[in-house]
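> Need coordinates for the following:
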Amino acid sequence: MKHRIIFAFLMSFVLSLLMSAWVTYLNIGFISNFIDYWIHAWLLAWPAAGIISFISGPAIHAFAHKLAKIY
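Just a heads-up that it's a prediction; the model follows:
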């Protein structure tokens, strides 16, 4: 369980940080206050990503193992 919590925390942190930067850039470009918009988007995205990662992680992990056996 401890590993699952740490993994969800780290994965959601990295993924939400990078994805929010990318989507913010696509929406508004690299403007002077880009960092402010990015951080705001990330602060909204990270909790959602964390919950989704924690809940769906085990099922996705199991599915990945099944796919790896097929291919």
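
> going forward, measure contacts between C-alpha atoms and count neighbours the same way
Fine.

> Can you give me the end-to-end span of stretch 25-34?
Stretch 25-34 has an end-to-end distance of 8 Å (CA to CA, to the nearest Å).

> I'd say residue 46 and residue 19 touch.
No: look at residue 46 against residue 19 with CA atoms under 8 Å: they stay out of range, at 10.1 Å.

> quick one: which of these two has more around it?
More crowded of residue 46 and residue 19, by other CA atoms under 10 Å: residue 46, with 20 against 15.

> Show me what the helix or strand containing residue 44 is packed up against.
Using DSSP states H and E, residue 44 falls within helix 34-70. With contacts taken as 3 or more CA pairs under 8 Å, 6 or more residues apart in numbering; DSSP states H and E, helix 34-70 sits against helix 2-28.

> Just the buried positions in the helix it packs on, please.
Neighbour-count burial for helix 2-28, counted by 16 or more other CA atoms under 10 Å, picks out 7-9, 11-13, 15-17, 20-21, 24-25.

> still on that earlier bit, just the angle for the helix holding residue 44 relative to helix 2-28, thanks.
Here helix 34-70 points in a direction 130 degrees away from that of helix 2-28 (axes from the mean of the first three to the mean of the last three CA atoms, to 10 degrees).

> can you pull the buried residues of helix 34-70?
Here helix 34-70 shows 38, 41-42, 45-46, 49-50, 53-54, 57 as buried, counting by 16+ other CA under 10 Å.

> Make TSV from those and add distance to residue 3 to it.
Shown next, in TSV, are the buried residues of helix 34-70 (distance: CA to CA, whole Å):
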residue	distance to residue 3
38	29
41	27
42	24
45	22
46	19
49	17
50	14
53	13
54	11
57	12
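
> any idea how far residue 63 lies from residue 69?
10 Å.

> neighbouring contacts of stretch 7-21?
38, 41-42, 45-46, 49-51, 53-54, 57 (CA atoms under 8 Å, 6 or more residues apart in numbering).

> ok, 6 Å please
Residues outside stretch 7-21 that contact it (CA atoms under 6 Å, 6 or more residues apart in numbering) are 38, 41-42, 45-46, 49-50, 53-54.

> Going by distance to residue 31, which of those residues wins?
Using CA to CA, residue 38 comes nearest to residue 31 of the contacts of stretch 7-21, at 10.8 Å.
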